[in-house]
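> Provided below for reference: sequence and predicted model.
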Amino acid sequence: MKKLLLLLVTVVGLGFAANAQTKPAEFKFDAETHDLGKIKLDVAVSYTFNFTNEGDAPLIISKVEPTCGCTVGEYTQTPVKKGEKGFIKVTVKKSGAPAPFNVAITVTSNARTSTKVLYLKGESVAAASK
């Protein structure tokens, strides 16, 4: 009975040790903030945030939510395997009065840091009159 209990404890312990060494999916972005500079009102401007999965598990993005209705996000829809690259493309189209802006884009995924925030900043300017 003692040998069986010792064997069971050993097997369970090895299982926990092997699982503890597996790193969950994790983002490594080239940049987490980008300055678009001056953009003309009512003109769409895009920027792509590139990332690499530095974890062992496949990285799955479940949603990308910009804080502004003037911004739309596209992203890698398929799981990003260990060492592979993915993207989050953000398009901004400002309207209204010229002003500085700072848009946050919240990315939700299965990564160890499950919520990541990216930033786009810049200044909207009036289009040159003809």
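On my side now, so go ahead.

> Please, where are all the strands along this protein?
27-29, 33-40, 45-53, 61-66, 71-75, 85-92, 99-109, 115-125 (DSSP state E).

> can you count the residues close to K121?
15 (other CB atoms under 10 Å). Every residue, glycine included, has its C-beta placed from N, CA and C.

> wait, which of the strands of the chain is closest to K2?
Nearest to K2 among the strands of the chain is strand 45-53 (44.9 Å), distances taken as CB to CB.

> relative orientation of that closest one and strand 71-75 in degrees?
Orientation of strand 45-53 against strand 71-75 (axes from the mean of the first three to the mean of the last three CA atoms, to 10 degrees) gives an angle of 30 degrees.

> Return strand 45-53 as PDB; C-alpha atoms alone will do.
This file holds the C-alpha atoms of strand 45-53, laid out as PDB (Å, rounded to 0.1, in the frame of the first residue of the first chain):
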ATOM      1  CA  VAL A  45      -4.800  56.300 -41.800                       C
ATOM      2  CA  SER A  46      -3.700  52.800 -40.800                       C
ATOM      3  CA  TYR A  47      -0.900  51.400 -38.700                       C
ATOM      4  CA  THR A  48       0.000  47.700 -38.100                       C
ATOM      5  CA  PHE A  49       1.200  46.500 -34.700                       C
ATOM      6  CA  ASN A  50       3.300  43.400 -35.300                       C
ATOM      7  CA  PHE A  51       3.900  40.800 -32.600                       C
ATOM      8  CA  THR A  52       5.600  37.500 -31.900                       C
ATOM      9  CA  ASN A  53       4.300  34.700 -29.700                       C
END
